[in-house]
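A.B. asks: Quick one, what's the 3D model for this:
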Amino acid sequence: MARFIVSVLIGLAMAAISVTPTSAQSFSPAQKQTIDQLIHDYLQEHPEAIVESLRAAQAKAIAERLERQRQAVVAKRDELLFDPDSAVGGNPKGKVTLVEFFDYRCPYCKAIEPSLETLMKENSELRVVYKEFPILGPASVFASRVAIAAQHQGKYLEFHNRMMALRGTVDDNEVLKVAKDCGLDMIRLESDVKSAEIDKVIHRDYALADALGINATPGLVVGDRVTMGAIDIDGLRKLIAAARPSKKAM
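C.D. replies: Next up is the predicted model:
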C-alpha cells in the first residue's frame with residue numbers, strides 16, 4: 001500500500017511537470033528535485049495518507065498471519081488434540097478442547113491458571129491439553145522434564161497444579177521439592193527425567209508451536225484460533241463459546 005501511494009504521487013508529479021513514462025527513465029536533476037518537492041508537499045498537507053497506508057498494511061499482515069495459523073491448526077489437528085504424550089485436564093471426552101503451550105516459570109501462564117481451573121469446573125464439556133513449551137531457560141526445561149516424568153507415574157496434573165501455584169524462584173531444587181511433595185517415586189524420577197523419550201516430547205512440542213506461529217507463553221489454541229499472552233476469563237469464555245460445536249453439527 002505504501003509503495004502504491006508513492007507510485008501514485010510520482011505519477012502525479014510527472015504529470016505536473018509534463019514528463020512522459022518513456023522520458024521518465026532518466027530524470028534531470030531539476031526534475032528529480034521538483035518531484036521530490038511535490039511529494040514532500042503532498043505528504044506535509046496529507047499526512048493521513050501514510051497513516052492509512054500503514055494501518056492497511058498492518059491489517060493485511062495480521063489477517064495473513066491469522067489465516068496461516070488457522071491452516072496450520074487444521075493441518076496439525078491430530079498432534080494438537082490427540083498426542084498420547086500430552087496430558088489432558090477437564091473432561092477427556094469434552095466436545096471443546098483448549099490447548100495450552102506453557103512454561104512453568106512464566107508469570108502470565110500462572111496468571112491465567114485460576115481462570116482455566118474455573119472454566120473446567122463450570123464447563124463439563126471442556127477438555128484441556130497441556131503442551132510443554134519451556135522457553136525461559138534451563139530451569140524451565142528441567143521443570144518440563146520432571147512434569148513428563150510425573151506423567152509416567154500418573155501424577156502429572158497434581159504436579160502441574162502445584163507448580164502453577166508456586167510463587168517466587170523456580171529452580172531445580174524447588175521443582176524436585178514439588179515432585180517429592182506429590183509423592184513421586186524420586187528414584188524412578190531421577191532415571192526417567194534423563195530419558196531420550198522426554199527429549200522427543202519436548203522437541204515435538206517446540207516444533208508444533210513453531211508450525212503454529214506460537215513464540216510466547218501462554219500460547220492457546222481453541223477451535224481454529226491461536227492467541228498468545230494473558231487473556232482474562234471472559235475472553236477465554238468467548239473463545240470456548242465460538243469453538244463449541246453447534247447442535248445441528250452434533
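A.B. asks: Quick check: closest non-adjacent residue to the most centrally placed residue in the chain.
C.D. replies: Centroid-nearest residue in the chain: residue 214, 3.3 Å away (criterion: C-alpha atoms, centre = their mean). Spatially, and ignoring its direct neighbours in sequence, residue 214 is nearest to residue 101 (5.4 Å; C-beta to C-beta, 6 or more residues apart in numbering). Just so you know, the C-beta spots here come from the backbone N, C-alpha and C atoms, and that holds for glycine as well.
A.B. asks: all helices for this structure, in order.
C.D. replies: 2-16, 29-45, 48-75, 77-82, 107-122, 138-152, 156-165, 172-181, 186-192, 196-212, 233-243 (DSSP state H).
A.B. asks: Now tabulate these in a markdown table and tack on distance to residue 96, mean neighbour count and mean pLDDT.
C.D. replies: Conversion of those to a markdown table gives the following (distance: least, C-beta to C-beta, whole Å; neighbours: other C-beta atoms under 10 Å; pLDDT from 0 to 100):
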| stretch | distance to residue 96 | mean neighbour count | mean pLDDT |
| --- | --- | --- | --- |
| helix 2-16 | 41 | 14 | 51 |
| helix 29-45 | 49 | 13 | 72 |
| helix 48-75 | 14 | 13 | 74 |
| helix 77-82 | 11 | 14 | 94 |
| helix 107-122 | 10 | 16 | 96 |
| helix 138-152 | 23 | 22 | 97 |
| helix 156-165 | 19 | 19 | 97 |
| helix 172-181 | 30 | 16 | 97 |
| helix 186-192 | 32 | 14 | 96 |
| helix 196-212 | 18 | 16 | 96 |
| helix 233-243 | 5 | 15 | 93 |
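A.B. asks: Out of those, flag the one nearest residue 90.
C.D. replies: Residue 90 sits nearest to helix 107-122 of all those, at 4.1 Å, using C-beta to C-beta.
A.B. asks: Remind me what the closest one packs against, helices and strands.
C.D. replies: strand 87-90, strand 96-102, strand 126-132, helix 156-165, helix 233-243 (3 or more C-beta pairs under 8 Å, 6 or more residues apart in numbering; DSSP states H and E).
A.B. asks: could you give the angle of that helix to strand 126-132?
C.D. replies: Put simply, helix 107-122 runs at 150 degrees to strand 126-132, going by axes from the mean of the first three to the mean of the last three C-alpha atoms, to 10 degrees.
A.B. asks: CA atoms only: put helix 107-122 into CSV for me.
C.D. replies: Output of helix 107-122 as CSV, limited to C-alpha atoms (Å, rounded to 0.1, in the frame of the first residue of the first chain):
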residue,chain,number,x,y,z
PRO,A,107,4.1,-15.4,35.3
TYR,A,108,1.4,-15.0,32.6
CYS,A,109,0.8,-18.7,32.5
LYS,A,110,0.4,-18.7,36.2
ALA,A,111,-1.9,-15.7,36.0
ILE,A,112,-4.4,-17.5,33.7
GLU,A,113,-4.3,-20.8,35.6
PRO,A,114,-7.1,-19.9,38.1
SER,A,115,-9.3,-19.0,35.1
LEU,A,116,-8.6,-22.3,33.4
GLU,A,117,-9.4,-24.1,36.6
THR,A,118,-12.7,-22.2,37.0
LEU,A,119,-13.6,-22.9,33.4
MET,A,120,-13.0,-26.6,33.7
LYS,A,121,-15.3,-26.7,36.8
GLU,A,122,-18.1,-24.7,35.2
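A.B. asks: can you pull the contacts of residue 162?
C.D. replies: By C-beta atoms under 8 Å, 6 or more residues apart in numbering, the residues touching residue 162 are 178, 181-182.
A.B. asks: ok, 10 Å please
C.D. replies: Residues near residue 162 by C-beta atoms under 10 Å, 6 or more residues apart in numbering: 150, 155, 177-179, 181-182.
A.B. asks: Need the max-distance pair from those residues.
C.D. replies: 155 and 177 (14.6 Å).
A.B. asks: How about the contacts made by the residue nearest to residue 214?
C.D. replies: By C-beta under 10 Å, 6+ apart, the neighbours of residue 101 are 80, 109, 129-135, 205-206, 208-209, 212, 214-221, 226, 228.
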